[in-house]
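**Q** Build the 3D model from these lines:
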Amino acid sequence: MKTTLLIFLSLILTFTNLQAQSAKRYIKITRTYLNLPVQMSQERQIMKFLINNDTIRVFDIRLSNGDTDYWVFADVSEHIGKEITITYPQKVAGFDKIYQSDEIAGFDSLYKEKNRPRFHFTTRRGWNNDPNGLVYYDGEYHLFYQHNPYEIFWGNMHWGHAISNDLIHWKELPDALYPDKLGTMFSGSAAVDFNNSSGFQSGTEKVIIAAYTADSKEKEVQCIAYSNDRGRTFTKYKDNPVIDSGKKWHTKNTRDPQIFWYKPTKKWIMVLFENNGNSIYTSPDLKNWTYESHVGGFHECPQLFELPVDGDKTNKKWVMYGASGTYMIGDFNGKSFQVEGGKYRYTAGALYAAQTYNDIPESDGRRIQIGWGRITQRNMPFNQMMLFPTELTLRTTREGIRLFSEPVAEITKLHGKEYKWPKLSKDQADKAVKSVDSDLLHVKMKVKVVQGGHFKILLDGNTIVDYDFNFNKFNGNFYGGDRIENLTIPLELLIDRTSVEVFVDHGRFSTSALREVPKAGMRGLGFSGAIDIYDLEIYEMKSVW
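**A** Here you go, the predicted model:
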């Protein structure tokens, strides 16, 4: 009895201490942002925002209790004029440092940071991974993305949001989708419902539909949300989820819906990762979905789209790919994908979970892709990046039809000072590139091997291109080359502050990687091997910020 009483008293004391340590603040919102201090040595704990005892935000954060490593922010503009209650399980020093402002903390250095990429998209604060909801509507390219607003590592998955009118210059908007009772906001896609088949349109603007996965500890389900204000705000469908297929496949892993309108059958198509492959569903209204078929051999972030072969609109093929950059080529009849070739690979390195744009006008006709660049942004209050937008095409090669990926034509908007040489030996090239006075570059060239079977291109003393004709390896990946017998290989390089992207043979294969810290005393481009370089073009790149 005595032991039981002691345990009971101990529990009461523990609860009392916890209550005493918890923190609560009341703030009447008069500004756009709440700025929050982060200290990475602290444990993550749950912070809540409440209005009239209703929870409007819940997320984990490493709130500082000493030195602040960096600041993050919460956009609370939609709640201006209301009183928000902020709760946190522990009274730490950083709790009282939370303040509201019309500027985010550190705004004076925003986009000017030492390690901020200059012509690739990065979020203002926090973590980003997969691009989501790539859709074009009325002059705007929308880029939604997996976003943790409150830390530079993965977690708290929201849908971040940015827009552009040229795929180059981006304006970041408030997060579009927040975690809810069904889970956090995992990857998905977006499309314009031009015919209002969903019935969600309420004004003159066409409704934009977002299809996404809600992830919880128990399962992953597919949901939709809609926007009647050009993607600025979204309303989640009241009868979500629209697909809950985990029990069917005996797995939690059912995610990343890609939706698009299929004109021949006048139905919506959803391609969904589940059961170690991609399932295809159809719907007349985006709410009610019918399972149709399944293609095995893919993992996460599916894409299915049609492209002309060699630009011939009378000869088209469908491409299906997954997050890793492997793809199949075949036909699609509105219900099933018939594989004709693959799996093939068009990219390697940092790129993952790439997605392509829905609803680009037929007058443009391009299939434009953006991929997540898994590249650490060193010592910054943001982490990861998007790789440069590329145009995807199908072209005939000696080995059959293959997928090509090249930087979009809009890249020329960023060209500054240019340098051109028709033909250089290796030694001449080493001298010529010393005249280039920038570390932000767009480079094109053709490299011809004169002797041996191996060459390298260096940046700041680090290898960025390593091609071995004997073992058919390009930057460590097997690649035989499109016309290897000519011993000449076309290359295109995009060099930003923290990344290097390399496109070989006009985009038949590409690699992407972290830009390494310069070696002592080494700056700029250099070459290694018995090579000649033809048609060398170098453009200094302007910042998009």
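**Q** Spell out the residue ranges of the strands in the stretch 351-500 of the chain.
**A** Per DSSP state E, counting those that start in this stretch, the stretch 351-500 of the chain carries strands over the ranges 351-356, 367-373, 382-383, 385-386, 390-397, 400-407, 415-425, 441-449, 454-459, 462-468, 473-474, 477-478, 488-495, 499-504.
**Q** Can you lay out those strands as TSV showing mean pLDDT?
**A** Converted to TSV, the strands of the stretch 351-500 of the chain look like this (pLDDT from 0 to 100):
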stretch	mean pLDDT
strand 351-356	98
strand 367-373	98
strand 382-383	98
strand 385-386	98
strand 390-397	98
strand 400-407	97
strand 415-425	97
strand 441-449	97
strand 454-459	96
strand 462-468	96
strand 473-474	93
strand 477-478	94
strand 488-495	97
strand 499-504	98
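**Q** Which one, of the ones you listed, ends up nearest to residue 49?
**A** strand 382-383 (22.2 Å; Cβ to Cβ). C-beta: built from backbone N, CA, C; applies to glycine.
**Q** Quick check: neighbours of the closest one in the sheet, parallel or antiparallel?
**A** Strand pairing for strand 382-383, determined by DSSP bridges: strand 126-137 (parallel).
**Q** Next, the angle from the partner strand to strand 367-373.
**A** Using axes from the mean of the first three to the mean of the last three Cα atoms, to 10 degrees, the direction of strand 126-137 lies 170 degrees away from that of strand 367-373.
**Q** Which strands or helices does the helix or strand just after strand 126-137 pack on?
**A** Later in the chain than strand 126-137, the nearest helix or strand by DSSP states H and E is strand 140-148. Applying 3 or more Cβ pairs under 8 Å, 6 or more residues apart in numbering; DSSP states H and E, one finds that strand 140-148 contacts strand 126-137, strand 158-164, strand 171-177, strand 184-193, strand 367-373.
**Q** how about the first one: buried residues?
**A** What it means is strand 126-137. Counting neighbours by 16 or more other Cβ atoms under 10 Å, one finds that the buried residues in strand 126-137 are 126, 127, 128, 129, 130, 131, 132, 133, 134, 135, 136, 137.
**Q** try the third one
**A** For strand 171-177, burial by neighbour count (16+ other Cβ under 10 Å) applies to 172, 173, 174, 175, 176, 177.
**Q** per-residue confidence averaged over that strand?
**A** In this model, strand 171-177 has a mean pLDDT of 98.
**Q** Grab the nearest non-local neighbour of residue 125.
**A** residue 72 (4.8 Å; Cβ to Cβ, 6 or more residues apart in numbering).
**Q** ok, the one you found touching residue 123?
**A** No. When contacts are counted by Cβ atoms under 8 Å, residue 72 is not listed as touching residue 123 (10.6 Å).
**Q** Paired strands for the helix or strand hosting residue 538, with orientation please.
**A** In the assignment (DSSP H and E), residue 538 maps to strand 531-541. As defined by DSSP bridges, the strand partners of strand 531-541 come to strand 415-425 (antiparallel), strand 441-449 (antiparallel).
**Q** Give the residue spans of the stretch 1-150 of the chain that score low on pLDDT.
**A** 1-20 (pLDDT under 70).
**Q** Please enumerate the helices of it.
**A** Taking DSSP state H, counting those that start in this stretch as the test, the helices found in the stretch 1-150 of the chain are 2-21.
**Q** Which residue ranges of it form strands?
**A** Under DSSP E, counting those that start in this stretch, the stretch 1-150 of the chain gives strands at 23-28, 33-38, 45-51, 54-61, 70-75, 83-88, 99-101, 126-137, 140-148.
**Q** Of all the ones you listed, which one comes closest to residue 264?
**A** The closest of the strands of the stretch 1-150 of the chain to residue 264 is strand 126-137. By Cβ to Cβ, the value is 21.1 Å.
**Q** List the buried residues of the strand holding residue 538.
**A** For strand 531-541, burial by neighbour count (16+ other Cβ under 10 Å) applies to 531, 532, 533, 536, 538, 539, 540, 541.
**Q** out of these, who's nearest residue 91?
**A** Using Cβ to Cβ, residue 541 is the member of the buried residues of strand 531-541 that sits closest to residue 91, with 48.1 Å.
**Q** Could I get the phi/psi values of the closest residue to that closest one other than its chain neighbours?
**A** Ranked by Cβ to Cβ, 6+ apart and with sequence neighbours excluded, the top spatial neighbour of residue 541 is residue 440, at 4.0 Å. Per-residue torsions, residue 440: phi -110, psi 110 (degrees, to the nearest 10).
**Q** wouldn't residue 440 be in contact with residue 499 here?
**A** No. Counting by Cβ under 8 Å, residue 440 does not reach residue 499; the two are 10.8 Å apart.
**Q** These two: who's more crowded?
**A** Neighbours per residue (other Cβ atoms under 10 Å) separate residue 440 from residue 499, with residue 499 holding more: 22 against 18.
**Q** hey, what's that one bridged with?
**A** residue 514.
**Q** can you pull the contacts of it?
**A** Applying Cβ atoms under 8 Å, 6 or more residues apart in numbering, we find residue 499 in contact with 117, 120, 350, 373, 375, 385, 387, 512, 513, 514, 515.
**Q** Equivalent analysis for residue 37, please.
**A** By Cβ under 8 Å, 6+ apart, the residues touching residue 37 are 63, 64, 68, 71, 94, 97, 98.
**Q** would TSV of the residues you listed with neighbour count and distance to residue 313 be doable?
**A** Shown next, in TSV, are these (neighbours: other Cβ atoms under 10 Å; distance: Cβ to Cβ, whole Å):
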residue	neighbour count	distance to residue 313
63	26	56
64	22	58
68	16	57
71	20	51
94	22	59
97	15	60
98	19	57
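**Q** and the closest residue to residue 495 other than its chain neighbours, bridged to which residues?
**A** In space, and not counting its chain neighbours, residue 495 is closest to residue 441: 4.3 Å by Cβ to Cβ, 6+ apart. Bridge pairing for residue 441 (DSSP bridges) gives the partners residue 495, residue 540.
**Q** Residue 345 too?
**A** When assigned by DSSP bridges, residue 345 has beta-bridge partners residue 326.
**Q** ok, it to residue 411 distance?
**A** Going from residue 345 to residue 411 by Cβ to Cβ, to the nearest Å gives 24 Å.
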